[in-house]
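Chemist: A predicted structure for the sequence below; I have some questions about it.
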Amino acid sequence: MMGRESKETTLITGGTGFLGSHLVARFLAEGRRVVALARNREGMSAAQRMVRLLDWLKVPQNLRRRLEILEADLEVPRGGLDPDTIMDLQNKVDECVHCASDTSFAVGKREQVQRVNVQGLENLLDLLAGSRCRRLHLISTAYVAGKQVGKCSEDLPPEDGIGDVFKDALDTTRFHNVYEQSKHRAEHVAMQRCAVIGMGLTIYRPSIVYGDSRTGRTLAFNALYHPVRAVHYFRKLYTEDILRHGGRKAGALGIHLDADGTLHLPIRVLGGDGCGVNLIPVDFFLRAFQAIRDTADPNGVYHIVNPRNTFISEIVTFTNRFFQLTGLRSLPGGEDLPRNGLELLFDRHVQAYGAYMRDARVFDRTRAEAVLNPVGVVCPAFTYKVFAACMRFAVDVDWGRRLWSDTTTPVTASKQKTSSC
Ligand SMILES: NC(=O)c1ccc[n+]([C@@H]2O[C@H](COP(=O)([O-])OP(=O)(O)OC[C@H]3O[C@@H](n4cnc5c(N)ncnc54)[C@H](OP(=O)(O)O)[C@@H]3O)[C@@H](O)[C@H]2O)c1
């Protein structure tokens, strides 16, 4: 897999995240030197966390000597790095892939999300100003489009009307959540700052990323996984109620178990067939990223999206089949109909994802496809086979709780701020 060893060094932020860790592995496999910027958390150093991820990603030991891990927090000026480390970094980094982000939609985390996504980017660019770094790859999101309807272009969205995001409340007329607003603002900050310091800027806008389309393996269990996990939880809860506790609670909600083990779970999922959810697998994201990085105009915006939204009715059918259920069905329109107790529980659980599950936005792909089509990079269809592979993996690792049990290399402790592995 490994290409020729390259002298070029890539700085990757968010190296401990879902997409960032895959990109670290990918760049190492290409023979590049990588500096991964990461935080220590939950009693583990940044290096320990990276080693665990590289094990999970099955990165061969011989590639890891080209990886340096730098412990830094982008919420603080210049990542909290000391002057010598900064000078060293500035002298060796040729390009930067910025994946670090706070991806929470929670209203209560507004300031934190803005601080990481906007001020964190400013802090990174302060670090890189005056360095040899010539290109910034900004991992943004297709959802900077916010509440726009219809076709969303591969251009920077208009900036007008967005004041100082650190002072302003969420602009609910334009955005569903603070995440969208902060990512929108970050694109503008990157454009202005890169123009001033003479750095190329490529903006990548993926839609919703799920696991590997062939193996189903994933490091993240949000978005697509969230509503399916709720259904799986209800299945376990009410099957147990019926089998062990007489089934009174299940009966009150119209839930029953057939002799062949099929559970009837009456949930009407809101979402019509005119819309749906835009899903891309992580393997497609990685191939698309690489093709755009290698061949596209360094100054451009690219949607990395699925040409076809998956309808809620399809996900509902897949979920019924995979978990041996009846009763789950999609309800086109119907927002005004009374909801049963189980539906209210479900609705509350998936509320934050409503805008993404019933998405009528269409993401223009002209620019991305001009790069991806000639090299044969195509988004795989979201079929039952793909869904089943993803959900089998998710259930096997208990939706992330047992994620690390399939990695074998013991993690070695390191007290150093800068480490390599
Ligand atoms: N996954 C998707 O479906 C999707 C879709 C569209 C766009 N995106 C974009 O893709 C990028 C990566 O997303 P992801 O799914 O990989 O997210 P993720 O798994 O939540 O990873 C986010 C990364 O950012 C790091 N980070 C957060 N705050 C930081 C700080 N103050 N200083 C340094 N690092 C910090 C996190 O570090 P810790 O591990 O220490 O928390 C983590 O490594 C984001 O820009 C996101 O907006 C993702």
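Modeler: Great, that's in hand. Numbers count the residues shown, from 1 in each chain.
Chemist: now the helices for the stretch 201-350 of the chain?
Modeler: Secondary structure of the stretch 201-350 of the chain (DSSP state H, counting those that start in this stretch): helices located at 225-245, 248-252, 282-295, 312-322, 341-350.
Chemist: can you pull the contacts of the closest residue in space to residue 220 that isn't next to it in sequence?
Modeler: Once flanking residues are discounted, residue 220 sits nearest to residue 18: 4.0 Å by Cβ to Cβ, 6 or more residues apart in numbering. C-beta here means a position set from N, CA and C on the backbone, and glycine is covered the same way. For residue 18, the contact set (Cβ atoms under 8 Å, 6 or more residues apart in numbering) comprises 209, 218, 219, 220, 282.
Chemist: Was I right to think the first one contacts residue 286?
Modeler: To tie it back to what came earlier, the one meant is residue 209. No. Contact criterion Cβ atoms under 8 Å: residue 209 and residue 286 do not qualify, at 9.8 Å.
Chemist: Comparing the two, which shows the higher neighbour count?
Modeler: residue 209 (23 against 19; other Cβ atoms under 10 Å).
Chemist: Contacts only, for the more buried one.
Modeler: 18, 19, 220, 223, 280, 281, 282, 285.
Chemist: And for residue 37?
Modeler: 11, 12, 13, 14, 15, 70, 72, 74, 79, 100.
Chemist: Enumerate the residues of the stretch 1-150 of the chain near the ligand.
Modeler: Applying Cβ under 6 Å from any ligand atom, we find that the stretch 1-150 of the chain lies next to the ligand at 14, 16-20, 39, 41, 73-75, 99-103, 116, 120, 139, 141.
Chemist: Now that we have these, which of them are buried?
Modeler: 14, 16-20, 39, 73-75, 99-103, 116, 120, 139, 141 (16 or more other Cβ atoms under 10 Å).
Chemist: Geometric centre of this structure: which residue is closest?
Modeler: residue 209 (5.4 Å; Cα atoms, centre = their mean).
Chemist: Quick check, pLDDT for that one.
Modeler: Per-residue pLDDT puts residue 209 at 98.
Chemist: Ok, residue 149 next?
Modeler: Predicted confidence (pLDDT) for residue 149: 86.
Chemist: Compute the number of surrounding residues for the residue nearest to it when sequence neighbours are not counted.
Modeler: Leaving aside its sequence neighbours, residue 149 sits nearest to residue 360 (Cβ to Cβ, 6+ apart; 6.1 Å). A count of nearby residues for residue 360, using other Cβ under 10 Å, gives 12.
Chemist: which bits of the stretch 201-350 of the chain sit near the ligand?
Modeler: 206, 208, 209, 220, 223.
Chemist: if you set the cut-off to 8 Å instead, what comes out?
Modeler: Within the stretch 201-350 of the chain, the positions lying close to the ligand (Cβ under 8 Å from any ligand atom) are 205, 206, 207, 208, 209, 210, 219, 220, 222, 223.
Chemist: separation between the last one and residue 9?
Modeler: Pointing back at residue 223 there. 32 Å (Cβ to Cβ, to the nearest Å).
Chemist: And those two? Which one has more around it.
Modeler: Set residue 223 next to residue 9 and count neighbours by other Cβ under 10 Å: residue 9 wins out with 21 against 18.
Chemist: And that one, how far from residue 95?
Modeler: In terms of Cβ to Cβ, residue 9 sits 8 Å off from residue 95.
Chemist: Same check on residue 319?
Modeler: Taken as Cβ to Cβ, the span from residue 319 to residue 95 is 41 Å.
Chemist: now swap in residue 389 and tell me
Modeler: 33 Å.
Chemist: where does the nearest residue to residue 80 once chain neighbours are set aside fall, phi/psi-wise?
Modeler: The shortest distance from residue 80 to any non-neighbouring residue, by Cβ to Cβ, 6+ apart, is to residue 73 (5.3 Å). Per-residue torsions, residue 73: phi -120, psi 120 (degrees, to the nearest 10).
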